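S.K.: What follows is a protein structure lacking sequence information:
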């Protein structure tokens with residue numbers, strides 16, 4: 001995880017990709033419990049604290065999919081606000097990307113893809129975390145895929161599951177006490 005923290009530190013120094021467009025969007029993937037989400041949240045907080053962005057939104061991909069599916073339903077206002085906020089916030093952090101690629105209907109692919117495309121056009125930075133390697137091609141059209149290919153870097157994290165390590169340590173400490 002040290003390598004990830006170092007790379008994300010470089011991302012902060014680049015102004016969240018402002019100085020290097022190829023670093024505007026960061027995609028972090030790896031196995032469960034290696035610290036992807038924690039590192040992404042930490043760097044998003046740092047970007048706000050350093051004044052690089054004025055706001056950030058943490059959202060799970062499942063929430064974006066649900067909002068797209070429900071944008072014409074009884075709670076449409078809530079879901080449309082979620083999508084609008086994700087579209088306009090200065091830094092978007094999407095957690096658990098591609099957790100359910102089968103949930104992408106044509107409508108969802110269009111709505112979520114359009115949200116990402118608009119962020120790219122406005123040159124807004126983004127952080128994505130996932131257990132899966134990027135699957136842009138399987139859920140988004142060429143217009144969106146090409147933007148991800150041009151302005152993102154991927155970081156694969158290989159490490160042991162920190163949750164198991166921490167859980168084991170906690171249980172050992174409790175049995176000693």
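M.R.: The structure has been received and is ready for your questions. From a predicted model like this one, the values you see are computed outputs, not experimental measurements.

S.K.: what about residue 31, how many neighbours?
M.R.: Residues lying near residue 31 (other C-beta atoms under 10 Å) number 13. (Each C-beta comes from the backbone N, C-alpha and C, glycine too.)

S.K.: Sorry, slip of the keys, the one I care about is residue 17.
M.R.: 22.

S.K.: Would you list the phi and psi of the closest residue to residue 52 other than its chain neighbours?
M.R.: Of all residues not flanking residue 52 in the chain, residue 16 sits nearest, at 5.2 Å (C-beta to C-beta, 6 or more residues apart in numbering). Here is the backbone geometry of residue 16 (degrees, to the nearest 10): phi 60, psi 40.

S.K.: Residue 16 and residue 54 touch, don't they?
M.R.: No: look at residue 16 against residue 54 with C-beta atoms under 8 Å: they stay out of range, at 11.6 Å.

S.K.: More neighbours: the two, which one.
M.R.: residue 16 (27 against 10).

S.K.: hmm, back to that, report the separation between the residue nearest to residue 52 and residue 84.
M.R.: Residue 16 sits 21 Å away from residue 84, going by C-beta to C-beta, to the nearest Å.

S.K.: Give the buried residues for stretch 29-45.
M.R.: Residues 29-30, 33-37, 39-41, 43-44 are the ones in stretch 29-45 that count as buried (16 or more other C-beta atoms under 10 Å).
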